[in-house]
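Q: next input, structure requested:
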Amino acid sequence: MITIPNNDLTLDMIPGTDSDWYDISMFALKFDGYKECGSTEACAAIANAGRNNTLTELRTCLFFEQRRWRHFGEDPDEANMVYIRGLIAKIRDKVSAHAFD
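A: A predicted model of the protein is given here:
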């Protein structure tokens, strides 16, 4: 898996908030939340707590959602897509503001 560090992200790399799950999922995998957080448990703790103040936390949450839904074997329902698209919007805002952490 090829990952993209926060400081290398540009807006054109990030799916739009209206993108489908496949495109969002592929973008989510450009970040390894397990490695960045130090463990699966630490990644899950950030995602399950909804911590999303920094770009790293936002990308961790998105990565974990991708892994969660992959584990479920289905695409997220509309209510979960609202949350996921919100993460994308916040990621786009952080990158636009050059707030790379």
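
Q: now the spatially most central residue of the chain: which helix or strand?
A: The structure's the chain has its C-alpha centroid closest to residue 62; by CA atoms, centre = their mean the separation is 2.3 Å. Using DSSP states H and E, residue 62 sits within helix 55-72.

Q: tell me which strands and helices that helix is in contact with?
A: Judged by 3 or more CB pairs under 8 Å, 6 or more residues apart in numbering; DSSP states H and E, the packing partners of helix 55-72 are helix 21-28, helix 33-37, helix 40-49, helix 78-96. The C-beta positions use only the backbone N, C-alpha and C, and glycine is treated the same way.

Q: show the average pLDDT along the last one.
A: It stands for helix 78-96. The average pLDDT within helix 78-96 is 97.

Q: try stretch 36-56
A: If you average the pLDDT over stretch 36-56, you get 96.

Q: any idea how far apart the tips of it sit?
A: 8 Å (CA to CA, to the nearest Å).

Q: so which bits of it are buried?
A: By neighbour count with 16 or more other CB atoms under 10 Å, stretch 36-56 contains the buried residues 36-37, 43-44, 46-47, 52, 55-56.

Q: can you lay out those as a markdown table showing distance to residue 91?
A: Listed next are these as a markdown table, based on distance: CB to CB, whole Å:
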| residue | distance to residue 91 |
| --- | --- |
| 36 | 14 |
| 37 | 17 |
| 43 | 16 |
| 44 | 19 |
| 46 | 14 |
| 47 | 14 |
| 52 | 9 |
| 55 | 7 |
| 56 | 10 |
